[in-house]
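1. Here is my input, please return the structure:
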Amino acid sequence: MQFPEPFTSNIRHAFAEAGEEFLANLPALIEEASHRWKLTDIQPVSNLSYNFVAFARQAQEDVILKIGVPHPELISEMNALKLFDGDGTCRLLDFDEEKGFLLLERLKPGKMLAELEDDDERTHIAIEVMKKIRRPAPEHGNFIRLEGWFAKLKNLRTAFDGGTGPFPKEIVDRFESFLPELFADDPYLIHGDFHHFNVLSSDRGWLAIDPKGVVGPAGYEIGPLMLNPWNNSMDEIQFKVRAKRRVDILSEGLEWAREKIIQWSTAHAVLSAWWDYPAGNWVYSLRCAKIFNDISQIN
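-> Presented below is the predicted three-dimensional model:
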């Protein structure tokens, strides 16, 4: 089986030696999972990224086979899906932590939220799904901790000899000033990568897929949503108008202060830019952060 180059490059870049081993063993892993769950008609999705994902048949049912490099984020996803138990998300039908196997409910018709044209409608739907999947923070279990993601940003000024490099100083200063207050909120179990490509239509309503399973303040959930659908060639005036409108809808629907929504949007944008900085793909996220910062100045 041939795998697309962007997929293999992502795996090698993200997982190094473990990724090389995963790619070498992937055909055998697909065969093993297919035999275990009696799967037929394995058809990889067209947009493979960091996991092997395929449509498949199990008896008379359509299912999804997902195989990834066993690592903390994949384990956290499995644990989150177990807790969500299909309430607001696709169902986890079976799994194997050691092998990195997930057998998932296939959502039909499976239209992505990004495919809707009315952004107000998209945002209202997102709010309902977001509220449905939010859970009190579990006392036990292997889940990603949001503070661990943001802790890496402590290296930003060190990386630039005490400065902020290409990251605008005004935005970094504001981000550092309000972040402790954001993290003072109670932790919840949230999706962690909640955006327009991870919410699909189904016969059970709109549901989320691919949860990271993150424990942290619920406000972080709106960050990925505000940056998406991702568009490197965005018109900044149109983006600002849309962002302000989304803030209004989110504030009303979630009953959160507008400034809190803007701050979490900015925080995620800075974090996303820092993640992408080594690969040189950080400009869009920082443009978003600047726009969110401008909106905050207006309020």
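
2. so what are the domain limits for the chain?
-> Domain segmentation of the chain under automatic domain parsing yields 5-106, 110-298.

3. Please render those domains as CSV that adds mean pLDDT and mean neighbour count to the earlier fields.
-> C-beta coordinates here come from the backbone N, C-alpha and C atoms, glycine included. Shown next, in CSV, are the domains of the chain (pLDDT from 0 to 100; neighbours: other CB atoms under 10 Å):
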stretch, mean pLDDT, mean neighbour count
domain 5-106, 96, 17
domain 110-298, 94, 17
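
4. Which residue ranges of the stretch 1-150 of the chain form strands?
-> 39-44, 52-58, 61-67, 92-96, 101-105, 109-112, 135-136, 144-145 (DSSP state E, counting those that start in this stretch).

5. Could you list every helix and strand that the last one packs against?
-> In other words, strand 144-145. With contacts taken as 3 or more CB pairs under 8 Å, 6 or more residues apart in numbering; DSSP states H and E, strand 144-145 sits against helix 72-84, strand 214-217.

6. Now do it: everything it contacts.
-> Residues outside strand 144-145 that contact it (CB atoms under 8 Å, 6 or more residues apart in numbering): 72-73, 76, 192, 212-216.

7. quick one: strands adjacent to that strand?
-> strand 214-217 (parallel) (DSSP bridges).

8. Give me the next element, helix or strand, following the partner strand.
-> Next in sequence after strand 214-217, counting helices and strands by DSSP states H and E, comes helix 222-227.

9. Provide the contact partners of that following helix at residue level.
-> Residues outside helix 222-227 that contact it (CB under 8 Å, 6+ apart): 123, 126, 130, 193-196, 243, 246, 250, 254, 261, 264-265, 267-269, 271-272, 284-285, 288, 292.

10. repeat for stretch 31-40
-> 42, 56-59, 63, 65, 67, 94, 99, 101, 103.

11. can I get those residues in JSON lines with distance to residue 148?
-> Formatted as JSON lines, the contacts of stretch 31-40 follow (distance: CB to CB, whole Å):
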{"residue": "42", "distance to residue 148": "35"}
{"residue": "56", "distance to residue 148": "34"}
{"residue": "57", "distance to residue 148": "39"}
{"residue": "58", "distance to residue 148": "36"}
{"residue": "59", "distance to residue 148": "41"}
{"residue": "63", "distance to residue 148": "32"}
{"residue": "65", "distance to residue 148": "29"}
{"residue": "67", "distance to residue 148": "25"}
{"residue": "94", "distance to residue 148": "28"}
{"residue": "99", "distance to residue 148": "25"}
{"residue": "101", "distance to residue 148": "25"}
{"residue": "103", "distance to residue 148": "28"}
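
12. now, which of the contacts of helix 222-227 lie within helices?
-> 123, 126, 130, 243, 246, 250, 254, 261, 264-265, 267-269, 271-272, 284-285, 288, 292 (DSSP state H).

13. now the helices and strands packed on strand 144-145 in JSON lines, with distance to residue 29?
-> Shown next, in JSON lines, are the helices and strands packed on strand 144-145 (distance: least, CB to CB, whole Å):
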{"stretch": "helix 72-84", "distance to residue 29": "13"}
{"stretch": "strand 214-217", "distance to residue 29": "26"}
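
14. quick one, which of the ones you listed is nearest to residue 158?
-> Nearest of those to residue 158, taken as CB to CB: strand 214-217 at 23.6 Å.

15. okay, that closest one in PDB with CA atoms only?
-> The C-alpha coordinates for strand 214-217 follow below in PDB (Å, rounded to 0.1, in the frame of the first residue of the first chain):
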ATOM      1  CA  VAL A 214      -7.400  17.900  27.300                       C
ATOM      2  CA  VAL A 215      -7.800  18.800  30.900                       C
ATOM      3  CA  GLY A 216      -7.800  22.600  31.500                       C
ATOM      4  CA  PRO A 217     -10.100  25.700  31.600                       C
END
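
16. How about residues contacting that strand?
-> 76, 137-138, 143-147, 149, 182-183, 185-192, 220, 264.

17. go on, stretch 56-65?
-> 30, 33-34, 37-43, 52-55, 90, 93, 101-106, 108.

18. Apply 7 Å and report the result again.
-> Here stretch 56-65 makes contact (CB atoms under 7 Å, 6 or more residues apart in numbering) with 33, 37-42, 53-55, 93, 103-106.

19. Over to stretch 260-277?
-> Residues from elsewhere that reach stretch 260-277 (CB under 7 Å, 6+ apart): 149-150, 152-153, 156, 167, 171, 175, 178-179, 182, 219-220, 222-224, 226-227, 247, 250-251, 282, 285-286, 288-289, 292-293, 295-296.
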